[in-house]
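Q: attaching a predicted model along with its sequence, questions to come.
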Amino acid sequence: MPSTESSGMEFEDLSATKQWVVTSSYFFATCWVRELVNNFIFAADTSTPQASAITSSSQGFDCKDVQQKVIERLKALIDLEEELRFTASKCFVFSPPGLDLLPAPKELYEVHSPNVDIPEYDPHASKAQKKAAAAEKKKLVKRAKEKEKSKSKMLKVKKKHEELLSTRALGALRPLDPQVCCAIGFDGLSVIPASAEGSQCLSQVQVTKCGGPVITLLLNLLDKSLSDILAEKKSCAFNSGNEERNDDNPYRAVSHSSKSNAASAAFISSEDSSKKCFDLLQSYLNSGVFASLHEHLAIVAELRCGQNSADNDDDTEQQLVATARCLFSCTRTLFESEILTRSPSGKLYLALILKQLGRGDRGGYQDSIRRPSSAHINNLLVYVADNVSEIVTGCYTGDLEFAMDGVLTIQSIFECSKRISDDSSDAKAATTSFGKKLSDVSHKLLKEHWPEETKMNKSNVGKLLTLFLEHSTDRMSSLTSLVNDVLLELPHTEKCKGPVENYPTCSSSSFGSYYTVVISYLWKELVQLFDCDTKNPAVAKKMFETMAELIDFLQSLFDLTRENECLAKKAILLQQLKFGSKFIETFVAKAIPFFQVHFEQHQDTIFELIRRMQKNCRQMYAIIAHGKREKDANLAKEGPRAKKCLELFIHKVKSLLKKNRCMTAMWTKTLTAKDIDGSALSDEEGTTQSDDSDAGSEEDEEEEVKVKDEEEEEDDSESDDEED
C-alpha cells in the first residue's frame, strides 16, 4: 500500500505516473476488501446453526470471531474508500478498468495573466497626469475583476470535475453483496448489550452514542438492497417477430399463443423475483437486521429528545440526524413497497418485519403467523410511527430537509395502512389515526422557526400544508385559521415580507405555496360538502352556513391581492383564475340544484349567497382583462375556461329564478372596465380592451340579484361608478 505521505497533501506534488500508481493501489485494495467481506459474511451467519457449524469446522474458526473480523474489514473499507475518493479526484490520468479516460475541461488549461499591481496616485502630478492615471487605474481594476471572476469560474469547474472523477471511481468498485447488510444485526454493532432484548429494556440501558461510519455504510447498502428487491419491475415482453410469422411485416399482430407464452414467461419471472425477495428478507429477519433498526430508532429518539438531549454538541446532533435520515429512508422503502401488501406471503413478511422493527423482538421471527390481520399489522405500525414522530418533533431541529424525511416516512406508514386495511371499523379508525398524526406533525412544523437561510417552497412548506389540510379532522377550522390568522395577517407585516407571528413559515417567499394550497382546498371542501343527503332539511341549514363561509374565504383571498399590489404576482393571479373557475363550476353543478330543492324555505339565504358569488365573478373578469392587457400567455390560456363557467353561472341563476318566478330579482347593467386592484381604467385603456377582446370582458352585460331594499339602495348609490 502507498505510504501515508504519498496520499496526503503531498499527493498533488507527485508526478502523473506516481499519482496513477497510488490511485490504482487504493482502487484494487478497496475491491479486494469488498470481496473479502462478500465471502466471509456467509461464514458469520449464526441464524443457521448447522450451516455455520460446518463452515466453522472446515475453516477452523468461530462465527463470532468472523463477525468481529467482518466489522474490522468494514472499518478498513471505509478508510480505503475515503483515500480513494481523495486520490481519484486529484488524479486526472486515472480511469477505472473498462472505462475511458475522462477528459478535463478546457477551462482548467487556460493561461491566466499574472497579478497586476494597481499604482497609487502621485500627489505632485499634474491634472492631466492624474486624469491619465485615473483612466489607467480604472482599466486595471476592471481587468482585476475579470481575472477574479475567471478564477472563481475555474475553481467551480475544477471542483465539479473532481467530484465527477471520485464518483466515477467509487461507482466502478466491486459491489457489496446484499447479504452484507446482515452485519447490522451483529453484536459488535449493536447499540445495546446482547443481554438486553426488546424495546422494554431500552429504557434500562445507558447509551451515549449512536450511528457512525460503519452503520451509515450498512444502512445505505440496506436501503439500496431493499429498493432493488422491493421495487415494482414492470417487465415488457418483446417479441422478435420471428415466431409464427409467414410474412416480412414486423408490425403484424402476433397470435394469441405467442401472447400467452410471453405472459407466462413474465409471470414466471415475477414469481422467481418474489422468491428471491422473500429469501433475502428471511435472511435479514434471521440476522435481526430490522430489530437493530428499531434499536437505532429508539436510541436516536432518546438521545435527541430525552432528558440529556441538552448535553449534545453540534457534532453529536449532526451524527444523530444523519443516522436518522438513513433509518427513515430504509423504513420508507419498506412501507412504500406494494409487494409486501398485495399478497398473503407479502403480508406475512410485513408482519414479521414489523415485529422486529416495531417492538425490537429479535426472537420469534421463526414463529409462523397465519394470515396476519390488518388490526395486528396496524398495531405494529403504531410503534414505528411514534418513534419517527418523536424524533422529528420531540426536539427542535434547524434542518427542514431532515424534518421532511420524517414526515414522508409517516406518510408512507399511512399509505401502507390504507393498503392493508379492510372495511372494518377498527381498520378504518387505525388508518385515520395515522392521518391525524401526519396532520399534527405537519402543523407543528409549519409553526416552527427555521433558520433564515432555509429555502421554503412548495416541496417543503407546500407539502406540509397539503398534508395538514388533507388529513385534518376539522378541515373548515383549519382553513379558517389559515385564511384569517395567516394569509390575512401577512399585509400587516413590514412591506408584506413577513414572517407571520403565529406561522413563521409564511413570508413573502412562501406566500405562493400558502395561497395555492388554501385556495385549492376551498374548492375541494366545496366538492366534499355535497357528499351527503342534500335533500334532508336538517342538513341544509348547516350546508348553507358552510357554503357562506367558503364563499367569504374565497372573497377574502381575492381581496388580498386586489388590495396589496406586491402580492398580486402572475403566479398568484393564475391560481385565482384556475381554482376560482373550479369553484364556480362546482357551485353551478351542485349548489344550484341544491338551491332549487330548498328555495322556498331558504329564499333570502340563497339570494345572499348568489350576491356574494357575484363579487368573486367580477374579480375574475378583472383578472381575465388584466391577462389580455399584459399579454400573459398563462392567464390567456386559462381565460376561455373561466369565461365559460362565468357565463354558465349567469344562465343557471337565471334559470333558477325563472323556475321559482323571481325574475324581478335580476337586472342588467354594464360594468366599467377595472384593473385587478379595483381602480377604473381610463377611456383609452377601456376602448383598447374593448377592441382587443370578445364578449365576456368586464364591459359585458351582467345580471345581478336584488335581494333587499337596502341592497338596491346601495347598488343605486354605486351606479355612478359602475354604469357608463
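A: All right, it came through fine.

Q: CA only for contacts and neighbour counts going forward, please
A: Noted.

Q: got a list of what residue 86 touches?
A: residue 166 (CA atoms under 8 Å, 6 or more residues apart in numbering).

Q: equivalent analysis for residue 491, please.
A: Contacts were defined as CA under 8 Å, 6+ apart; by that measure residue 491 touches residue 564.

Q: and for residue 73?
A: Residue 73 neighbours (CA under 8 Å, 6+ apart): 33, 37.

Q: mind checking the backbone torsions on it?
A: Backbone torsions for residue 73, taken as degrees, to the nearest 10, come to phi -70, psi -30.

Q: let me know the pLDDT of it.
A: For residue 73, the model assigns a pLDDT of 94.

Q: how about residue 625?
A: Reported pLDDT for residue 625: 89.

Q: equivalent analysis for the one 10 residues further on, please.
A: Listed pLDDT for residue 635 reads 90.

Q: in this structure, which spans are strands?
A: For the chain, the strands defined by DSSP state E cover 666-670, 701-705.

Q: by mean pLDDT, show me the worst of those.
A: The bottom spot among the strands of the chain, by mean pLDDT, belongs to strand 701-705, with a mean of 44.

Q: how close does the residue positioned nearest the centre of the chain get to residue 466?
A: Most central in the chain under CA atoms, centre = their mean is residue 459, positioned 5.0 Å from the mean C-alpha point. The gap separating residue 459 from residue 466 is 10 Å, by CA to CA, to the nearest Å.

Q: before we move on, what about residue 214?
A: Look at residue 214 and residue 466: by CA to CA, they are 37 Å apart.

Q: now do residue 70
A: For residue 70, the distance to residue 466 (CA to CA) stands at 46 Å.

Q: for residue 151, see how far away the nearest residue to residue 177 once chain neighbours are set aside is.
A: Counting by CA to CA, 6 or more residues apart in numbering, residue 38 is the residue found nearest to residue 177 once chain neighbours are left out, at 5.5 Å. Separation of residue 38 from residue 151 (CA to CA): 45 Å.

Q: what's the answer for residue 225, then?
A: 42 Å.

Q: what about these two, which has more around it?
A: Shown here are residue 225 and residue 151; by other CA atoms under 10 Å, residue 225 has more neighbours (21 against 15).

Q: what pLDDT does the more buried one get?
A: 94.

Q: the one 5 residues further on too?
A: The model reports residue 230 with a pLDDT of 88.

Q: enumerate every residue touching it.
A: By CA under 8 Å, 6+ apart, the contact set of residue 230 is 277, 333, 334, 337, 338, 339.

Q: wait, which of those is closest to residue 454?
A: Closest approach between those and residue 454, by CA to CA: residue 333, at 26.6 Å.

Q: surely that closest one touches residue 227?
A: Yes: look at residue 333 against residue 227 with CA atoms under 8 Å: they come within range, at 6.2 Å.

Q: right, and residue 349 touches residue 340 too?
A: Yes: using CA under 8 Å, residue 349 is in contact with residue 340, at 6.9 Å.

Q: low-confidence ranges in the stretch 251-400 of the chain?
A: For the stretch 251-400 of the chain, residues meeting the criterion pLDDT under 70 lie at 251-272, 308-311, 363-370.

Q: quick check: residue 503 vs residue 458, distance?
A: Residue 503 is 16 Å from residue 458, by CA to CA.

Q: more neighbours: residue 70 and residue 466, which one.
A: Legend: neighbour count by other CA under 10 Å for residue 70 and residue 466, higher for residue 70 (25 against 22).

Q: I appreciate the help and will end here.
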